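K.L.:
Prediction below, plus the sequence it came from.
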Amino acid sequence: MITVENLTKSFSGRTGAVVALDGVTLEVAAGTVCGVVGPSGSGKSTLARCVALLERPDSGAIRVDGTDLVSLGGSALRAARRQIGVVPQGDSLLRQRTAAGNVALPLESAGVPGPQRRTRVGELLDLVGLTDKAGSYPDQLSGGQRQRIAVARALAANPSVLLADEPTSALDPETTGSVLTVLDRARAELGVTVLVVTHDMGVVRRICDDVAVLDHGRVIEHGKVLDLVADAGSRTSGSLLPSVDQNPEAESKYDRVADVVLVGFAAVGALLPEAASRFGVELGLLGGGLTRLGETPVARFRVGLTGERSDSALEWISEAGAAVQRKPKGPQGVAA
Ligand SMILES: Nc1ncnc2c1ncn2[C@@H]1O[C@H](COP(=O)(O)OP(=O)(O)OP(=O)(O)O)[C@@H](O)[C@H]1O
């Protein structure tokens with residue numbers, strides 16, 4: 001588990017101090033993947049660098065499995081660093097070493113004997129699906145393959161935490177998928193806790209259990225992705241749910257208009273028709289659609305309802321587990 005408490009970090013800029021982290025508090029449960037998102041300059045990389053102990057915060061605590069890393073020095077700090085695997089931003093492999101040689105690097109530094117090293121490198125190449133590229137040099141690998149080798153290298157010393165800073169930037173969607181699969185396997189098969197910094201909400205959509213949204217060095221939103229998408233006002237719901245086109249003319253034809261978010265329903269399409277028939281209302285779909293967050297099906301539909309028991313129908317949909325947000329009717333609705 002990673003716990004970050006009230007972390008602050010400033011840099012001296014040309015026009016005075018730049019506050020990169022302004023009281024960041026965050027908790028990432030063991031064996032989960034947390035995405036750190038936010039606009040450029042919001043402090044994402046600084047947070048990752050502090051957690052990786054590459055940067056010392058000005059104040060606050062960073063605990064990994066209960067140990068406060070900020071207070072450590074000397075050999076205790078070096079030992080703590082081994083608990084944290086880092087996939088740096090950009091191309092980070094050594095050009096003159098093969099893929100296997102790059103993965104072996106942290107094991108060599110830790111003095112792991114040759115036979116054990118070879119076994120471990122073999123396991124890691126297998127984990128990232130690149131056993132057949134063991135003898136290839138970085139220039140002979142694609143960008144996605146290089147990133148997967150960087151993940152294998154970060155996992156070599158058996159860390160409990162893996163930090164990845166923009167692991168998929170500059171990759172095409174297909175290659176991005178293969179890198180994300182590897183991060184997901186690290187969590188699922190090795191139980192590693194993963195913190196991934198990204199500007200790409202697609203990364204959050206694919207592999208993150210939790211998300212933290214940073215802005216101006218502060219956490220402005222943090223929680224489980226599946227909880228946040230059900231919260232109509234959250235930024236996460238705005239960026240991950242299917243969009244709804246505005247159509248005031250169609251909406252004006254109904255007594256009630258609402259957005260309905262359904263998370264993890266096996267038969268996502270069945271609830272709305274059932275509400276219509278139970279309460280004898282006319283229910284029309286005005287927009288939205290289905291998506292998937294990780295393995296979980298998620299839907300957002302804008303619905304219109306007409307009939308005396310429209311409110312009861314919406315209440316029943318909400319009691320069945322959906323998040324329902326009633327929409328005020330637009331000017332055309334008032335006129336109708
Ligand atoms: N070493 C440094 N020296 C001076 N200022 C820095 C340094 N590192 C970061 N900053 C400043 O701290 C703020 C946060 O930067 P950071 O790189 O953490 O943001 P970010 O969210 O990762 O941005 P991006 O998405 O563009 O990588 C920015 O204003 C940045 O200019």
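P.N.:
Arrived safely.
K.L.:
For the protein, name the helix or strand with the lowest mean pLDDT.
P.N.:
Lowest by mean pLDDT, DSSP states H and E among the helices and strands of the chain is helix 331-335, with a mean of 44.
K.L.:
Which helix or which strand is home to the closest residue to T131 other than its chain neighbours?
P.N.:
Excluding the flanking residues, the one nearest T131 by CB to CB, 6 or more residues apart in numbering is L125, at 4.8 Å. In short, each C-beta sits where N, CA and C put it, glycine included. Element membership for L125 (DSSP states H and E) is helix 114-127.
K.L.:
What residues sit buried inside the next helix or strand along the chain from that helix?
P.N.:
Downstream of helix 114-127, the next assigned helix or strand under DSSP H and E is helix 143-155. Within helix 143-155, the residues scored as buried using 16 or more other CB atoms under 10 Å are G144, Q145, R146, Q147, R148, I149, A150, V151, A152, R153, A154, L155.
K.L.:
Identify each of the helices in the stretch 1-150 of the chain and give its residue range.
P.N.:
Taking DSSP state H, counting those that start in this stretch to define them, one finds helices in the stretch 1-150 of the chain at 44-51, 74-82, 99-109, 114-127, 143-155.
K.L.:
now those helices in JSON lines, with mean pLDDT?
P.N.:
Shown next, in JSON lines, are the helices of the stretch 1-150 of the chain (pLDDT from 0 to 100):
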{"stretch": "helix 44-51", "mean pLDDT": "94"}
{"stretch": "helix 74-82", "mean pLDDT": "84"}
{"stretch": "helix 99-109", "mean pLDDT": "95"}
{"stretch": "helix 114-127", "mean pLDDT": "96"}
{"stretch": "helix 143-155", "mean pLDDT": "95"}
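K.L.:
wait, which of those is closest to G35?
P.N.:
Ranking these by proximity to G35 (CB to CB) places helix 44-51 first, at 9.7 Å.
K.L.:
Around the ligand, which positions in the protein sit nearby?
P.N.:
Counting by CB under 6 Å from any ligand atom, the chain comes close to the ligand at 11, 13, 18, 20, 38, 40-46, 199.
K.L.:
Report the buried members of these.
P.N.:
Taking 16+ other CB under 10 Å as the criterion, what is buried in the residues of the chain next to the ligand is A20, G38, S42, G43, K44, S45, T46.
K.L.:
rewinding a little: of all the helices of the stretch 1-150 of the chain, which lies closest to R278?
P.N.:
Among the helices of the stretch 1-150 of the chain, the nearest to R278 by CB to CB is helix 44-51 (46.7 Å).
K.L.:
what about that closest one, distance to the chain center?
P.N.:
15 Å (CA atoms, centre = their mean, to the nearest Å).
K.L.:
Using PDB, list the CA coordinates for that helix.
P.N.:
Taking C-alpha atoms only, helix 44-51 is exported to PDB below (Å, rounded to 0.1, in the frame of the first residue of the first chain):
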ATOM      1  CA  LYS A  44       1.900  14.500 -11.700                       C
ATOM      2  CA  SER A  45       5.600  13.700 -12.500                       C
ATOM      3  CA  THR A  46       6.800  15.500  -9.300                       C
ATOM      4  CA  LEU A  47       4.400  13.300  -7.300                       C
ATOM      5  CA  ALA A  48       5.700  10.200  -9.000                       C
ATOM      6  CA  ARG A  49       9.400  11.300  -8.600                       C
ATOM      7  CA  CYS A  50       8.800  11.900  -4.900                       C
ATOM      8  CA  VAL A  51       7.200   8.500  -4.400                       C
END
